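Engineer: Structure for this input, please:
(one chain, ligands or ions: 1)
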Amino acid sequence: MEQLPSAGNTTNGNIGNCCLALASVLGSKVSFPNTQPYNDSISTYFSQQNCNLHPLCIVSPTTAEDVATAINTTTSTLETTNFAIRSGGHAPFTGASNIANGITLDLRGLDSITVSPDRTTASIGVGATWGEVYSHLDPLGLSVAGGRAAQVGVGGLTTGGGISYFSPRYGWTCDTVTNFEVVLANGTIVNANEHENPDLLIALRGGSSNFGVVTRVDLKAFEQGSIWGGSVYNSIDTYQQNLEAFADVNAAEGYDEFASLITSFGYSAQGKAIVNSIVYTKAEENPAVFRRFMEIPKLFGTVRIAGMHEIAVEQGSFSKVGKRQMTVVTTHGSTLPMLEAVYQRWDSSLANVDTIPGMVWAISLEPLPQAIYARNASKNALGLDDVSGSLVVTLLSATWDNESDDEKVEKAARELFDNIDNDARKLGLYEPFVYLNYAAQWQDPISSYKSKNVELLKRVSEEVDPQRLFQTIVPGGFKLPNC
Ligand SMILES: Cc1cc2nc3c(=O)[nH]c(=O)nc-3n(C[C@H](O)[C@H](O)[C@H](O)COP(=O)(O)OP(=O)(O)OC[C@H]3O[C@@H](n4cnc5c(N)ncnc54)[C@H](O)[C@@H]3O)c2cc1C
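Structural biologist: Residues are numbered from 1 along each chain as shown. Down below sits the predicted model:
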């Protein structure tokens, strides 16, 4: 075995008895500061905020049993140390999936992907990325309703909900989970499915890291060939036409379940532009649902028939890794006046951020039709079972250079979202749902779920984690209210 550092001899000060205890049982799966595996782990977070956090040690399990050993060891040492759970590391805010002076459980080694002999289920380790999932499934003529960008992780996206190109056909990614394999606070490895621990299954569909460490998800797989997809850039002057085309696609009646869309209005030092990420999940060119979008004169960009992996790699290429990042989200109805209000509020907000070095300030409109949220609403935790009509998830993605501008960015983002929410209230289109996977640190997505769902989440937490370890010693991510 590698020689272990002694307590107190690292650049971080005391490395803690807990890390030494972990290394004594998990050997080289535990890494320490100033080693290659440790540096590889912390340098591969999406946001600079998380790259800058230095855990005392990083545990890199390769089996669910390793995770159980890690949890048992962490909770049984005299100095219990806080820990963070990381799958893909793409939640941007500080401490979501990394931790300073604690232990990070880096699950990227749990990356196996297998398909059942009857081709109806893909069993996926939470540390896999969606790019890895699609590159495995595309050649088999199969797919799953997973994330849209290749580099994002399976674990975080699935336990927080998951909007997929296939969601209008199959629901949120979490709706398509038939079984979660989970390590609970007492170190036992359990399954959550319709027959075993059915309430835990519902809780993990949107309840994030509050119940245990998910090690594997079994997702419904379906026959799927190539799709028609890509990104088209338009001049900002065409925003009216874009909003009208968006409202048409997201009409409450007759949503075309093969259509998936993200319309983004973006600002950077180069100027403003509109980018439409257009996907039709069939190998059909120029479907009628996107005709209005395709008639808008484009600056550049193509939509073509391709495999999911290629489309997911393209979608992922828009994000700048390792910079300061923030996302903020709200939900509202989908009328043209509401969409116009979002656009105008974003446009006015630019004056608050346009001098910030490296600023990219983009607002995206994502259709959330009933076809997505109502499909399995009584069997997930998201609390959208008594809502009707087409909704829009409005997401701000901000990227900038320097920590010294964090406060200014947050102030501008809060003001922008207060304004959008007020406009939505005035128009009678406000929907309290806050989508967890896009939420900012100051938002409280789980409280936005209906109270009966929050009660279920609390009850399941009491059952599987009576000592509240996942509410206390796992401080990152979004917690249950009043726990
Ligand atoms: C470029 C980009 C593209 C995106 N595209 C989409 C998209 O198409 N659809 C969509 O819905 N969202 C999308 N998102 C948002 C994404 O769903 C969230 O950022 C999600 O948290 C990422 O999951 P992860 O595993 O990479 O994150 P991580 O940062 O590893 O984890 C996120 C949270 O989940 C917890 N967690 C992670 N794994 C586990 C586990 N195994 N058990 C228990 N808790 C766990 C972590 O502790 C953390 O709090 C995108 C984000 C980015 C940056």
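
Engineer: How are the helices of the stretch 301-450 of the chain distributed by residue range?
Structural biologist: 308-316, 336-353, 370-373, 406-426, 445-448 (DSSP state H, counting those that start in this stretch).

Engineer: no no, the stretch 51-200 of the chain
Structural biologist: 64-76, 130-137, 154-160, 167-170, 198-204.

Engineer: Now the shortest one - C-alpha only, CSV.
Structural biologist: Meaning helix 167-170. Below are the C-alpha coordinates for helix 167-170, written out as CSV (Å, rounded to 0.1, in the frame of the first residue of the first chain):
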residue,chain,number,x,y,z
SER,A,167,-38.9,14.0,-22.2
PRO,A,168,-42.1,14.9,-24.2
ARG,A,169,-42.3,11.2,-25.1
TYR,A,170,-41.2,9.7,-21.7
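
Engineer: Which residues outside it are in contact with it?
Structural biologist: The list of residues contacting helix 167-170 from outside it, by CB atoms under 8 Å, 6 or more residues apart in numbering, reads 145, 164, 173, 176, 220, 222, 255-260, 281, 369, 371-372, 375. Any C-beta I mention is one placed from the backbone N, CA and C, and that applies to glycine too.

Engineer: Buried members of those residues into ChimeraX, please.
Structural biologist: Buried subset of the contacts of helix 167-170, written as a ChimeraX selection, criterion 16 or more other CB atoms under 10 Å:
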select :145,164,173,176,222,255,256,257,258,259,260,281,369,371,372,375
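
Engineer: re the thing from before, as CSV, the helices of the stretch 301-450 of the chain with mean pLDDT and distance to the ligand would be great.
Structural biologist: Formatted as CSV, the helices of the stretch 301-450 of the chain follow (pLDDT from 0 to 100; distance: least, CB to the nearest ligand atom, whole Å):
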stretch, mean pLDDT, distance to the ligand
helix 308-316, 96, 6
helix 336-353, 98, 19
helix 370-373, 98, 11
helix 406-426, 98, 16
helix 445-448, 98, 11
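
Engineer: What about Asn17, how many residues nearby?
Structural biologist: 14 (other CB atoms under 10 Å).

Engineer: Go ahead and confirm it touches Glu79.
Structural biologist: Yes - with contacts counted by CB atoms under 8 Å, Asn17 reaches Glu79, the gap being 5.3 Å.

Engineer: Adding distance to Asn402, write the helices of the stretch 51-200 of the chain out as TSV.
Structural biologist: Shown next, in TSV, are these (distance: least, CB to CB, whole Å):
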stretch	distance to Asn402
helix 64-76	35
helix 130-137	30
helix 154-160	26
helix 167-170	36
helix 198-204	37
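
Engineer: and of those helices, who's closest to the ligand?
Structural biologist: When the helices of the stretch 51-200 of the chain are compared by CB to the nearest ligand atom, helix 154-160 sits nearest the ligand, at 2.3 Å.

Engineer: That closest one and the ligand in contact?
Structural biologist: Yes - judged by CB under 6 Å from any ligand atom, helix 154-160 and the ligand are in contact via Gly155, Gly156, Leu157, Thr159, Gly160.

Engineer: Looking at those, which is nearest Leu137?
Structural biologist: Among the residues of helix 154-160 next to the ligand, Leu157 lies closest to Leu137 (CB to CB), at 16.0 Å.

Engineer: For that closest one, which non-adjacent residue is spatially closest?
Structural biologist: Leaving aside its chain neighbours, Leu157 sits nearest to Gly147 (4.8 Å; criterion: CB to CB, 6 or more residues apart in numbering).

Engineer: what's near enough to touch the residue in the stretch 351-483 of the chain positioned nearest to the ligand?
Structural biologist: Relative to the ligand, the nearest point of the stretch 351-483 of the chain is Gly477 (2.5 Å; CB to the nearest ligand atom). By CB under 8 Å, 6+ apart, Gly477 lies in contact with Ile85, Ala91, Ala96, Ser97, Ser208, Ser209.
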